[in-house]
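Asker: Dropping the sequence and predicted coords here.
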Amino acid sequence: KNEVEQSPQNLTAQEGEFITINCSYSVGISALHWLQQHPGGGIVSLFMLSSGKKKHGRLIATINIQEKHSSLHITASHPRDSAVYICAVVVGGGADGLTFGKGTHLIIQP
Amino acid sequence: NAGVTQTPKFQVLKTGQSMTLQCAQDMNHEYMSWYRQDPGMGLRLIHYSVGAGITDQGEVPNGYNVSRSTTEDFPLRLLSAAPSQTSVYFCASSYIGQAPSYNEQFFGPGTRLTVL
């Protein structure tokens, strides 16, 4: 079973700061998802990546498959970025669903 | 499009009662799945389906049944509720494509279930 570890578990930062959330996993994977869970509970997909880097607005996700590590960065953070960020990995052919990390609880203070 | 809808949003049951959590999607997704989310743990897969008439077990299937009679609907049945099933339940859907897990996952708003 793939162990997915996220760090930090909790992060409080000031508006405007550059945020980094890390995800590491124990078994080789074929792809990785980053998800955002809003304070109300809804979950939305941010990125799916299998190599390199992806950028969407102020969000950047990177992955190093060989080092079994991915990062999610938020530039110019804003209070509306406050949420739980979840990493989930795809193992093998992807037919068996995702294995999820426990999430990183981010609070951005004005 | 409504996306993925779940009902009810909240439910309280007594031990031993049965109930069905409803999930529907209007995106014509082949793949649908049910997860539970517990404090201090990641989402865990309960059951999934790759199309109408096809279902399979995930990581934590005990105590739950599913069926997929249409592409749109994927209900989750609790046969005899237990306090250990107190959790938040999420339904999700996606296209299958190369494999479901490679595609964007669309989640419902969740059902918060308490079993007394």
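Answerer: Yes, it's here.
Asker: Burial check on the nearest residue to B:Asn28 once chain neighbours are set aside, number of neighbours?
Answerer: Spatial nearest neighbour of B:Asn28, chain neighbours left out: B:Thr71 (6.3 Å); criterion: Cβ to Cβ, 6 or more residues apart in numbering or on different chains. All C-beta spots, glycine's among them, are computed from the backbone N, C-alpha and C. For B:Thr71, the count of nearby residues is 17 (other Cβ atoms under 10 Å in any protein chain shown).
Asker: what does A:Val27 give?
Answerer: 13.
Asker: Doesn't it lie inside a helix?
Answerer: No - read with DSSP: H, G, I helix; E, B strand; the rest coil, A:Val27 is coil and lies in no helix.
Asker: That one contacts A:Val4, doesn't it?
Answerer: No - the criterion here is Cβ atoms under 8 Å, and A:Val27 misses it with A:Val4 at 9.5 Å.
Asker: so the residue nearest the centre of chain B is in which element?
Answerer: Centroid check for chain B by Cα atoms, centre = their mean gives B:Trp34 as the closest residue, at 2.6 Å. Assigning secondary structure by DSSP states H and E places B:Trp34 in strand B:31-37.
Asker: taking the mean pLDDT, what do you get for that strand?
Answerer: Mean per-residue pLDDT for strand B:31-37: 95.
Asker: Quick check: phi and psi on the residue of chain B positioned farthest from its centre?
Answerer: What lies farthest from the middle of chain B is B:Gln98; by Cα atoms, centre = their mean that is 22.1 Å. Per-residue torsions, B:Gln98: phi -60, psi -40 (degrees, to the nearest 10).
Asker: For it, give its distance to A:His33.
Answerer: The gap separating B:Gln98 from A:His33 is 14 Å, by Cβ to Cβ, to the nearest Å.
Asker: and if you look at B:Gly97?
Answerer: Taken as Cβ to Cβ, the span from B:Gly97 to A:His33 is 14 Å.
Asker: With A:Val84 instead?
Answerer: A:Val84 is 14 Å from A:His33, by Cβ to Cβ.
Asker: which of those two has more neighbours?
Answerer: A:His33 (24 against 18).
Asker: Nearest residue to that one in space, please, no chain neighbours.
Answerer: A:His33's closest residue in space is A:Ala88 (Cβ to Cβ, 6+ apart), at 4.4 Å.
Asker: Contacts only, for the one you found.
Answerer: A:4, A:32-35, A:98-101, B:42-43 (Cβ atoms under 8 Å, 6 or more residues apart in numbering or on different chains).
Asker: got the buried residues for stretch A:83-99?
Answerer: A:83-91, A:94, A:96-99 (16 or more other Cβ atoms under 10 Å in any protein chain shown).
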